[in-house]
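Undergrad: pasting a predicted model and its sequence here:
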Amino acid sequence: MPKHPTIVDVARLAGVSTATVGRVINGQDDIVREKTRRRVLEAISQLGYERNSVAGSLRTDRTCMIALSIPDITNPFWPEVARGVQDTLEAHDYTVVTVNSDWDAARELRYLKMVRRNRFDGLIINPTDANLTDFHSMGIPIVILGSEEGYPNYDSVGSATTQAVQEALEYLYRLGHRRIGLIAGRSRRRRSTNRYHPYVDFLARKQLRLDEALIVHSEFSLQAGASAMRELLSLREPPSAVFAANDIIAIGAMQTAQAMGWRIPEQLSIIGMDNVYAAATTSPPLTTIAKPKYEIGVRAADMLLARLGGDDSPARHIQLACTLIERGSTAAPGC
């Protein structure tokens, strides 16, 4: 196996000291003559030398590595968030390492230990089960993706989900729907979902009767959406519209309704949340509430950069507005 060139090799080829090579690598051009600097750079290029970031981190106590922990790499919501994080941090010379906890508390804990062991500079995470003690032991800046619930002392950024649910239900109400089903999703972290309570509040505000049979709690998957829709459509009085906790659930629900012979949106309206790519490709295209996925990633990275730069102000909690995207899966009842 060929030996990687070292700073000693560069210094020998350039005819300078290793200290001079180090100054050139670190950009201390004001104390190195231009002729010497060019000679060092030519030696670096000729040898194919790359700086040892591990050794550098021991001197600077910085690795320029950030961990991004997401709970489900198969959910198409997360790639845009990750892209926002990566684009922002790479512009500041940080490398982003993405890990997938898969909603597994033990796996998440192993990743947290890996981040601490490898001296990462910061962490951006949508937690599965990590608690304040776990985070405090990290000793690095941490930004929470999503709700700050349970983590009040850490910066957080997410979408204004409560307002988004209200907007989706108001839209269905304006279309004329009064019997609206809810596939609420089931949080892996919270005891309740942030879809259920806005739904109940909406019904109370509109003086509509709360029928618990119209509420199905499910996992965030196609299969769960399918099962939930079968349950709703088996009711003696099925809903005329259904709001699903995310687009994946909504797509599974819509496919099942169509397989059961229901015409969408003529007999049943369906609306989702997230605006993943697949939502625009269904037949009919899925009406949804778009979350600002890329912007969530950007804002999380910006918050982390501020902490890495020494910002010690109180924790900030940001909720970004969502947008209704009207497509073909919704219409007035019986249209």
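TA: It's in. Just so we're clear, the structure is a prediction, and the values are computed from it rather than from any experiment.
Undergrad: who's in contact with Val85?
TA: With contact taken as C-beta atoms under 8 Å, 6 or more residues apart in numbering, Val85 is in contact with Ile66, Leu68, Val96, Ile124, Gly297, Val298, Ala300, Ala301. Using the backbone N, CA and C atoms, a C-beta is placed for each residue, glycine as well.
Undergrad: so is the nearest residue to it once chain neighbours are set aside in a helix, a strand, or just coil?
TA: For Val85, ignoring the flanking residues on the chain, the nearest one in space by C-beta to C-beta, 6 or more residues apart in numbering is Gly297 at 4.1 Å. Secondary structure, DSSP: H, G, I helix; E, B strand; the rest coil: Gly297 is helix.
Undergrad: distance check, Gly297 against Val81.
TA: 4 Å (C-beta to C-beta, to the nearest Å).
Undergrad: before we move on, back to that, which ones among the contacts of Val85 map onto helices?
TA: Gly297, Val298, Ala300, Ala301 (DSSP state H).
Undergrad: so where's this structure shaky on pLDDT?
TA: 1-3, 51-61, 187-193 (pLDDT under 70).
Undergrad: domain map for it?
TA: 7-51, 61-158+293-320, 161-292 (automatic domain parsing).
Undergrad: figure out how far the longest one is from the centre of its chain.
TA: A distance of 22 Å separates the C-alpha centroid of domain 161-292 from that of its chain, computed with C-alpha atoms, centre = their mean, to the nearest Å.
Undergrad: how long is that domain end to end?
TA: Terminal residues of domain 161-292 lie 11 Å apart, using C-alpha to C-alpha, to the nearest Å.
Undergrad: and the domains of the chain: which comes nearest Ser329?
TA: domain 161-292 (4.8 Å; C-beta to C-beta).
Undergrad: all helices for this structure, in order.
TA: 7-14, 18-25, 34-47, 53-60, 78-90, 105-117, 132-136, 161-175, 196-205, 222-233, 247-259, 293-308.
Undergrad: distance of the residue nearest to Ile249 when sequence neighbours are not counted relative to Asp87?
TA: Nearest in space to Ile249, with sequence neighbours left out and distances taken as C-beta to C-beta, 6+ apart, is Gly225 at 3.7 Å. Computed with C-beta to C-beta, the distance linking Gly225 and Asp87 is 31 Å.
Undergrad: and for Asn100?
TA: Taken as C-beta to C-beta, the span from Asn100 to Asp87 is 20 Å.
Undergrad: please say which of these two ends up with more neighbours.
TA: Asn100 (18 against 14; other C-beta atoms under 10 Å).
Undergrad: which residues touch stretch 194-208?
TA: 147, 161-162, 165-166, 169-170, 173, 178, 182, 184-185, 187, 209-210, 215, 217, 243, 245.
Undergrad: repeat the analysis, applying 6 Å as the threshold.
TA: Defining contact as C-beta atoms under 6 Å, 6 or more residues apart in numbering, one finds that stretch 194-208 is touched by Thr161, Thr162, Val165, Gln166, Leu169, Leu182, Ala184, Leu210, Ala245.
Undergrad: sorry, back to before: what's the farthest-apart pair in the ones in helices among the contacts of Val85?
TA: For these, the farthest-apart pair by C-beta to C-beta is Val298 and Ala300; their separation is 7.3 Å.
Undergrad: mind checking which of those two has more residues around it?
TA: Ala300 (28 against 19).
Undergrad: contacting residues for that one?
TA: Contacts of Ala300 by C-beta under 6 Å, 6+ apart are Ile124, Val143, Leu145, Val157.
Undergrad: Leu123 contacts Ala67, correct?
TA: Yes: in this structure, Leu123 is within contact of Ala67 by C-beta atoms under 6 Å, at 4.9 Å.
Undergrad: give the residues shared as contacts by the two.
TA: Shared contacts of Leu123 and Ala67, counting by C-beta under 6 Å, 6+ apart, come down to Val115.
Undergrad: for Leu214, grab the count of nearby residues.
TA: 20.
Undergrad: distance of it relative to Tyr111?
TA: 39 Å.
Undergrad: same thing with Asp312?
TA: To Tyr111, Asp312 is 26 Å away according to C-beta to C-beta.
Undergrad: who has more neighbours out of these two?
TA: Ranked by neighbour count (other C-beta under 10 Å), Asp312 and Tyr111 place Tyr111 first, with 21 against 6.
Undergrad: run through the residues that contact the more buried one.
TA: Contacts of Tyr111 by C-beta under 6 Å, 6+ apart are Ser69, Val99.
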